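Participant: Return a 3D structure for these sequence lines:
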Amino acid sequence: MHTLTAGLYEYRLDSEASPFRASLRIEREDDGIDIVRLLIEADEPQVPPPFALSWHVPIIDAQGMWHPTANFNKGLRADWAQPFDSKSTYSAPVVSLYAASGRNRMTFAFSDALNAIKFDAGVNEETARFRCLVALFDTPTTPLSRYEAELRVDARDVPYYEALAGVSRWWETYPAYAPAPVPAAALEPMYSTWYSFHQQLTPEGIERQCELSRAIGCDSVIVDDGWQTADNARGYAYCGDWNACAEKIPDMKAHVARVHALGMRYLLWYSVPFVGIRSGVWNRFAHKLLDYIERLNTGVLDPRYPEVREYLIGTYERALLEWDLDGFKLDFVDVFRQPAAERGDADPGRDMDSVAQAVDVLLSGVIDRLRAIKPDVMIEFRQAYISPLMRKYGNMFRAGDVPNDALQNRAHTIDVRLLCGHTAAHSDMIMWHPDEPAESAALQLLNILFAVPQISVRLDALPRRHRDMVAFWLRFWREHRDTLMGGDLAPHHPELNYPLVTARGAREFIAAAYHDTVVGLPGGRAETIILVNGTRGGRLVAEAAEEIGPRSVRVLDCCGVEIDTYALDGLKGLRAFDVPASGLVILQA
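Facilitator: Next up is the predicted model:
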């Protein structure tokens, strides 16, 4: 046991007796921030025992807890609950404890985003303190003789989202986590086939939606599951060969060329770890598996085999070259898990013990070899594989699947935005019933206003008013993208699923209210103030702490139709604006 009493808290490192020597030292990065350096050493490589780094924080004005997979549950939890998990392809080792005011009370993050980590900040009932924990090496790992990592603890009184942005920037300073460049196309609206087609794909159907979506502002199409198999049962028994199904897409190269001719880029879906029992390569890889998932009729490839890694990388490389693709949706990489015990029927030939390290080699190889062919290739990963390490492999992070659920899509996209830095955060594909009122359908777009929209409805099946609504909001998004995606983001009240989100750019301020709440207007007299009504109500309430000066006011409905204009002599204090459901008001200086 090692105890370090310095800086903000008393840090304690525990482990069983072993040949490993451990030490802690601390430095202050800034007032209110500790960097705790952990060093574990042995004279020769061997598998280390579990280590636990812990410290206690008094529970003072802390009412909520944010972590990457919290979703709707941002409440506090007891210290006897199961800790959270992270690894290279799942979540990230970071927790933010915050006050009801949204101010940071203590945010901690760990530098090791590669290996399996357990972490938590649980309430200790006897002492009314948080027991904070980072646990290492409780799953099998490659033998080592030296391990270094850092714990960053931030107790500054700043908004919680600023503390999390600091964590994201801190991770970026590690060369191993250097984010992949983000091509301009990754920040353009996209059309996805998943909810609109599922596996019922035809070239004609895809191309028709490309034509229609291009006309309203989409720049790329993501063709999802189904292109590789005639089986439409939604399983993965036929994954693994990755040849275009001749019954569905007889000439993939010509089909992609036709989509390009429409002015659209083309991304293709792959389920990375899966090799189905009915695939042509099943016998080749049946004894190079981490697991077999019976309900899905598929094996999970073991990336610790060089042959497995080369097969997967070569598959994507060949598709990029032969079909002239523009990107890949690489799915299910979180299914790569370290086995508790090795399979008895496994072939020899693995070149490493750690699955996490093998996945790093695999995905690093994917991005390096694809970018060597096409430097602006797009790679999409889905929540919750959104760790800082994943930013090295991909340049698009999409919110997890929440079909027709605008509320969860909002929560998911904001959760992704809080950590992903300049990596392009995308919404889950949005869909709705064509009989929805346009004002209700518009909520699907308004709730993902601060992420890149992905559309997944049959556009030719929508009523005219719906098409006008989608075209307007995609046009609005593109016109204000610099503020929405690059401005100072402030998502308020995570425990209430972000009922108010604002972004401030160099010359404009945009606020989206998803509840009947008060929108605080910015000081400094922003040239343009845009208030978006993300509710089915008919008003927005704003408050200016300081005079914002004379304004021309325009009120638009959900389709962008101007329904009112007037002059405002100035504003200080509270004012209720009449704004139609899913509409907006623009206050122009």
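Participant: Which residues are in contact with residue 162?
Facilitator: residue 104 (Cβ atoms under 8 Å, 6 or more residues apart in numbering). C-beta: built from backbone N, CA, C; applies to glycine.
Participant: Check the protein for its longest strand and report it.
Facilitator: If you go by DSSP state E, the chain has its longest strand at strand 33-46.
Participant: Just give me how far whichever helix or strand comes after that strand sits from the chain centre.
Facilitator: Sequence order places strand 51-58 as the next helix or strand after strand 33-46, per DSSP states H and E. Centroid separation for strand 51-58 versus its chain: 28 Å, with Cα atoms, centre = their mean, to the nearest Å.
Participant: List the contacts of strand 51-58.
Facilitator: Contacts for strand 51-58 (Cβ under 8 Å, 6+ apart): 9-15, 22, 24, 36, 38, 40, 97, 105-106, 121, 124, 127-137, 151, 153.
Participant: So for it, mean pLDDT?
Facilitator: Per-region confidence: strand 51-58 scores 97 on mean pLDDT.
Participant: Could you do stretch 511-524 as well?
Facilitator: For stretch 511-524, the per-residue pLDDT averages 94.
Participant: Surely residue 67 touches residue 97?
Facilitator: No - using Cβ atoms under 8 Å, residue 67 is not in contact with residue 97; the gap is 9.9 Å.
Participant: On the three-state scheme, residue 267 is what?
Facilitator: strand (DSSP: H, G, I helix; E, B strand; the rest coil).
Participant: wait, residue 22
Facilitator: Assignment for residue 22 (three-state DSSP): strand.
Participant: Give the burial count for the closest residue to residue 3 other than its chain neighbours, as a bare number.
Facilitator: Closest residue in space to residue 3, ignoring its immediate chain neighbours: residue 12 at 4.9 Å, by Cβ to Cβ, 6 or more residues apart in numbering. If you count neighbours by other Cβ atoms under 10 Å, residue 12 ends up with 16.
Participant: so which helix or strand takes in residue 12?
Facilitator: Residue 12 belongs to strand 9-15, assigned by DSSP H and E.
Participant: Tell me what angle that strand forms with strand 51-58.
Facilitator: Orientation check (axes from the mean of the first three to the mean of the last three Cα atoms, to 10 degrees): strand 9-15 against strand 51-58 gives 150 degrees.
Participant: picking that back up, tell me which strands and helices the longest strand of the chain is in contact with?
Facilitator: Applying 3 or more Cβ pairs under 8 Å, 6 or more residues apart in numbering; DSSP states H and E, one finds that strand 33-46 contacts strand 9-15, strand 21-30, strand 51-58, strand 144-154.
Participant: Report the buried residues of that strand.
Facilitator: Residues of strand 33-46 classed as buried by neighbour count (16 or more other Cβ atoms under 10 Å): 33-36, 38, 40, 42.
Participant: same question, stretch 264-272
Facilitator: 264-272.
Participant: Also stretch 413-429?
Facilitator: Buried residues in stretch 413-429, counting neighbours by 16+ other Cβ under 10 Å, are found at 413-421, 423-429.
Participant: Repeat that for stretch 327-345.
Facilitator: 327-338.
Participant: Let me see the mean pLDDT of it.
Facilitator: Mean per-residue pLDDT for stretch 327-345: 94.
Participant: which stretches of the stretch 101-250 of the chain form strands?
Facilitator: For the stretch 101-250 of the chain, the strands defined by DSSP state E, counting those that start in this stretch occupy 104-110, 117-124, 129-136, 144-154, 190-192, 220-223.
Participant: helices or strands up against the last one?
Facilitator: Strand 220-223 makes packing contacts with strand 190-192, helix 203-215, strand 265-271, strand 327-331 when contacts are defined by 3+ Cβ pairs under 8 Å, 6+ apart.
Participant: can you check the longest one too?
Facilitator: With contacts defined as 3+ Cβ pairs under 8 Å, 6+ apart, the packing partners of strand 144-154 are strand 33-46, strand 104-110, strand 129-136, helix 160-172.
Participant: With mean pLDDT and distance to residue 58 as new columns, can these be given to me in JSON lines?
Facilitator: Formatted as JSON lines, those follow (pLDDT from 0 to 100; distance: least, Cβ to Cβ, whole Å):
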{"stretch": "strand 33-46", "mean pLDDT": "96", "distance to residue 58": "16"}
{"stretch": "strand 104-110", "mean pLDDT": "98", "distance to residue 58": "10"}
{"stretch": "strand 129-136", "mean pLDDT": "98", "distance to residue 58": "5"}
{"stretch": "helix 160-172", "mean pLDDT": "98", "distance to residue 58": "18"}
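Participant: can you redo those as a markdown table with distance to residue 578?
Facilitator: Formatted as a markdown table, the helices and strands packed on strand 144-154 follow (distance: least, Cβ to Cβ, whole Å):
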| stretch | distance to residue 578 |
| --- | --- |
| strand 33-46 | 46 |
| strand 104-110 | 37 |
| strand 129-136 | 45 |
| helix 160-172 | 31 |
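Participant: and of those, who's closest to residue 228?
Facilitator: Nearest to residue 228 among these is helix 160-172; the distance by Cβ to Cβ comes to 34.8 Å.
Participant: distance of the nearest residue to residue 120 once chain neighbours are set aside from residue 172?
Facilitator: Leaving aside its chain neighbours, residue 120 sits nearest to residue 83 (4.0 Å; criterion: Cβ to Cβ, 6+ apart). Remark: distance between residue 83 and residue 172 (Cβ to Cβ, to the nearest Å) = 25 Å.
Participant: What's opposite residue 78 in the beta bridge?
Facilitator: residue 123 (DSSP bridges).
Participant: For it, give me its contacts.
Facilitator: Here residue 78 is in contact with 122-123, 125 (Cβ under 8 Å, 6+ apart).
Participant: Weed out the non-buried ones from the residues you listed.
Facilitator: Of these, these count as buried by 16+ other Cβ under 10 Å: 122-123.
Participant: still on that earlier bit, mind telling me which of the helices and strands packed on strand 33-46 the model trusts least?
Facilitator: strand 21-30 (a mean of 87).
Participant: buried stuff in it?
Facilitator: Within strand 21-30, the residues scored as buried using 16+ other Cβ under 10 Å are 22, 24, 26.
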